[in-house]
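In: Quick one: sequence and predicted model below, then my questions.
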Amino acid sequence: MADLNQGRGRSFDTRVLWVEWLSRTAFAVRLERPSGFLFLPGQSIRVDQDGMERDYSLASGPGDDHLTLCVRLVPGGMLSPRLAGLKPGDLLHFTGPHGYFLYQSAGARSVFVATGTGVAPFVSMARAGARSFTLLHGVRTAQDLYFREELAASASRYVPCLSEDVTQGGFRGLVTTWAEGNLAPGSYDFYLCGNRSMIRDFTLLVDERFPGSRVSTEVFH
C-alpha cells in the first residue's frame, strides 16, 4: 500500500486524455497519470488552472494508469467551466495527493453515503477492491446516478435516492429519509461525501439512531 504522505505537496504536470459528459450537469475528466504519483482511494488532487485552485477527489483505482475526476458544472463558476472546455492534449497542473477520507473498515458494516458527484471517492474505493458495502446515492434524477452499474456490482446494497424522477426505479426521497426508515439498528462505519447539509443531517441521524457508529466525512461541492 502506498504511504499516505507519499507525494503530498508535490507538483505534477499532466495531459488531458478526454472529457466526457455524464449528465447535463456533470462530466468526467481523464488525465494521464504522471510517473511517481501515488495515492490512496478516497484522496484528492488540487487542480491549478490559470491561477485558480480546487480540490477534486479521484475516481480512479490506485492501480489505474490514468486519473479520473468527476466534476459538477457550476454555471458562472471560476474553474469547472474551464475544465469542461479542456481538449485532449491540453496541459493541466496539480498537487497531491491530499486528504484523509480513507476506507478503513474496522469490521463494522460499511455504509457509503453520497450526494451528486460526491460518489467519486467511492468509485475509487470500489476499484481498489471494496465490496459488500451499502451505498446510498442522493441525486435529482436517474441520469445523475454516475457510475451506477459499476457501483451496484460491488455493493451488497445499492440505493438510488431520487428527489425528483423515480420512473426508472429508486427511492423517492433523501438519503437520510431512507436510512431512518430502512437501515436496521446497530453500529456501522459511515462514510459521508457530499454537500454540507447532507453531512450535517446524516451525522445527527447517526447520533440519534445508530449509537456506537463511526463517521468519516468529506465535503463535496
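Out: Everything's here; your move.
In: Provide the contact partners of the longest strand anywhere in the chain at residue level.
Out: Criterion DSSP state E: the longest strand present in the chain is strand 10-21. Outside strand 10-21, the residues that touch it by CB atoms under 8 Å, 6 or more residues apart in numbering are 27-34, 37, 66-67, 83-84, 86-96. C-beta coordinates here come from the backbone N, C-alpha and C atoms, glycine included.
In: Buried members of the residues you listed into ChimeraX, please.
Out: Entered in ChimeraX, the line below selects the buried ones among the contacts of strand 10-21, by 16 or more other CB atoms under 10 Å:
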select :27,28,29,30,31,32,33,37,67,83,84,86,90,92,94,95,96
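In: Where helices are concerned, which of the contacts of strand 10-21 count?
Out: Counting by DSSP state H, the part of those found in helices is Leu83, Ala84.
In: now what about the host helix or strand of Pro121, what contacts it?
Out: Using DSSP states H and E, Pro121 maps to helix 120-127. If you take CB under 8 Å, 6+ apart as the criterion, helix 120-127 is touched by 41-44, 56-62, 64, 68-70, 101, 103, 112, 114, 130, 135, 146-147, 150-151, 154-155, 191, 193, 218, 220.
In: what about dumping the CA coordinates of it to PDB?
Out: Taking Å, rounded to 0.1, in the frame of the first residue of the first chain, the C-alpha atoms of helix 120-127 are listed here in PDB:
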ATOM      1  CA  ALA A 120     -16.300   9.800  -6.800                       C
ATOM      2  CA  PRO A 121     -14.200   8.600  -3.900                       C
ATOM      3  CA  PHE A 122     -16.500   5.600  -3.500                       C
ATOM      4  CA  VAL A 123     -15.800   4.600  -7.100                       C
ATOM      5  CA  SER A 124     -12.100   4.700  -6.300                       C
ATOM      6  CA  MET A 125     -12.700   2.500  -3.200                       C
ATOM      7  CA  ALA A 126     -14.700   0.000  -5.300                       C
ATOM      8  CA  ARG A 127     -12.000  -0.100  -7.900                       C
END
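In: could you point out which element follows it?
Out: Counting by DSSP H and E, the next helix or strand C-terminal to helix 120-127 is strand 134-139.
In: buried residues in the very next helix or strand once past that following strand?
Out: For strand 134-139, the following helix or strand on the C-terminal side (DSSP H and E) is helix 148-154. By neighbour count with 16+ other CB under 10 Å, helix 148-154 contains the buried residues Arg148, Leu151, Ala152, Ser154.
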